[in-house]
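*Asks:* Pasting a predicted model and its sequence here:
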Amino acid sequence: MTLKFLNEDTGTPVDAVFCFTGKSPKTRVQMEQIAIQAGGSVTKSITGKTTILVIADATSNSSKARKARSNGVDLISPSQFFLMCSHVDKKNSVGKVSQISVKKPNQKTRHSLTRRIEL
């Protein structure tokens, strides 16, 4: 099973390919394992395949953050990442859509809003 989310601009399902930057409540290895167990994949740097950057500080000006913004990669907080991955139910049949609600981003955080995960 591949974790997908709906692109907010196009409404089409997109594979969840995560990249991580900054401090998180768990180690990078643990974060990567959570992503993989949820059905996503992981890149070490921002590539053309990366769709989500998990970033602790949405105002960061790190090279990963700048590249993600210029490539149109969605930025989410670690808490949004955990919420997204915790709603993956491997018992659901393929194609079933699980809805999750995440607080809308505000000017201060500027994290993307992940509305749905396709299982």
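*Replies:* All right, it came through fine.

*Asks:* lowest confidence element among the helices and strands of the chain?
*Replies:* Least confident element among the helices and strands of the chain, by mean pLDDT, DSSP states H and E: strand 97-99 (a mean of 43).

*Asks:* Tell me which helix or strand residue 18 sits in.
*Replies:* Here residue 18, judged by DSSP states H and E, is contained in strand 17-21.

*Asks:* And the contacts of that strand?
*Replies:* 28, 31-32, 35, 40-46, 49-56, 60, 62, 64-65, 68, 73, 81 (Cβ atoms under 8 Å, 6 or more residues apart in numbering). The C-beta positions use only the backbone N, C-alpha and C, and glycine is treated the same way.

*Asks:* Among these, which lie within strands?
*Replies:* 41, 42, 52, 53, 54, 55 (DSSP state E).

*Asks:* show me the contacts for the fifth one.
*Replies:* Shown here is residue 54, whose contacts under the criterion Cβ under 8 Å, 6+ apart are 18, 19, 20, 21, 24, 31, 76, 77, 78, 80, 81.

*Asks:* Likewise for the first one?
*Replies:* Applying Cβ under 8 Å, 6+ apart, one finds that residue 41 lies in contact with 2, 15, 16, 17, 18, 35.

*Asks:* What about the last one, how many residues nearby?
*Replies:* The local packing count at residue 35 equals 23, with neighbours defined by other Cβ atoms under 10 Å.

*Asks:* Repeat that for the fifth one.
*Replies:* When neighbours are defined as other Cβ under 10 Å, residue 18 has 25 of them.

*Asks:* give me the beta-bridge partners of it?
*Replies:* residue 42, residue 52 (DSSP bridges).

*Asks:* For it, give me the pLDDT.
*Replies:* Predicted confidence (pLDDT) for residue 18: 95.

*Asks:* Tell me if I am right that residue 75 is in a strand.
*Replies:* Yes - checked against DSSP: H, G, I helix; E, B strand; the rest coil, residue 75 lies within a strand.
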